[in-house]
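Chemist: sequence plus predicted model, see below.
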Amino acid sequence: PDDYKPGDLVIPDVQVSSSDSSDEKSVRELIRPSLEKMLRDAKSADLDLVMNSGFRSYKAQSFYFNNYVKQSGLEAAKKFSAEPGHSEHQTGLSFDLSYKDRSCYLETCFGQTEAGKWLAEHAHEYGFILRYPEGKTDITGYQYEPWHFRYVGKDVAKEIYEKKLTYEEYLQSLGLIAI
């Protein structure tokens, strides 16, 4: 619903984008410890990452989506931005990551950076999946987004990672959706 907002939103103890609203600096308490550990471990690997756009309200998603439609047209916008009410950000279980200096910010080149490679290889260890993998647009409906991660829990994330599945393929394997 357009007024949905999880009741357990918290601001994690990680670097966040200063330009984001306090809502967008938030994630669900459920994922906070895993996110904090992942970004501490990334920092230990000399990767200076910040969380961008955690929880995003229906209203904020409407603003972003409508601007993308104005810039790129409806069909193009739907490939890289969810319509209001359909964004995983509204669940509080997803977030975007970038380098602190914003190099390759919200660009596919992030996947070829040291951080992008490290996250793709290790996010599952913390319960996160790379939500929109390369070459899977026909399944996910969205372009490759090496910066966008979603919490699914360690066991599910490990299975998705090891089997090289998308979230949709995983849900299909359980008989929960048809692709």
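Modeler: Okay, I see it.

Chemist: how many neighbours does K164 have?
Modeler: Applying other Cβ atoms under 10 Å, we find 9 other residues in the vicinity of K164. (Each C-beta comes from the backbone N, C-alpha and C, glycine too.)

Chemist: quick one: residues contacting it.
Modeler: Listed by Cβ atoms under 8 Å, 6 or more residues apart in numbering, the contact set of K164 is empty.

Chemist: same for whatever helix or strand Y170 lives in, what does it pack against?
Modeler: Counting by DSSP states H and E, the element that carries Y170 is helix 167-173. For helix 167-173, the elements it packs on are helix 137-140, helix 154-162, judged by 3 or more Cβ pairs under 8 Å, 6 or more residues apart in numbering; DSSP states H and E.

Chemist: for the first one, buried residues please.
Modeler: Of the residues in helix 137-140, I139, T140 count as buried by neighbour count, 16 or more other Cβ atoms under 10 Å.

Chemist: what do you get for stretch 106-121?
Modeler: Those would be F110, G111, T113, A115, G116, W118, L119, A120, for stretch 106-121 by 16+ other Cβ under 10 Å.

Chemist: of the residues you listed, which belong to helices?
Modeler: Using DSSP state H, A115, G116, W118, L119, A120 are the members of these that sit in helices.

Chemist: any chance of those in TSV, with pLDDT too?
Modeler: As requested, these are arranged in TSV below (pLDDT from 0 to 100):
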residue	pLDDT
A115	97
G116	97
W118	98
L119	98
A120	97
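
Chemist: circling back: dump the buried residues of stretch 106-121 to a markdown table, plus distance to G54.
Modeler: Below are the buried residues of stretch 106-121 laid out as a markdown table (distance: Cβ to Cβ, whole Å):
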| residue | distance to G54 |
| --- | --- |
| F110 | 17 |
| G111 | 20 |
| T113 | 21 |
| A115 | 18 |
| G116 | 19 |
| W118 | 20 |
| L119 | 16 |
| A120 | 20 |
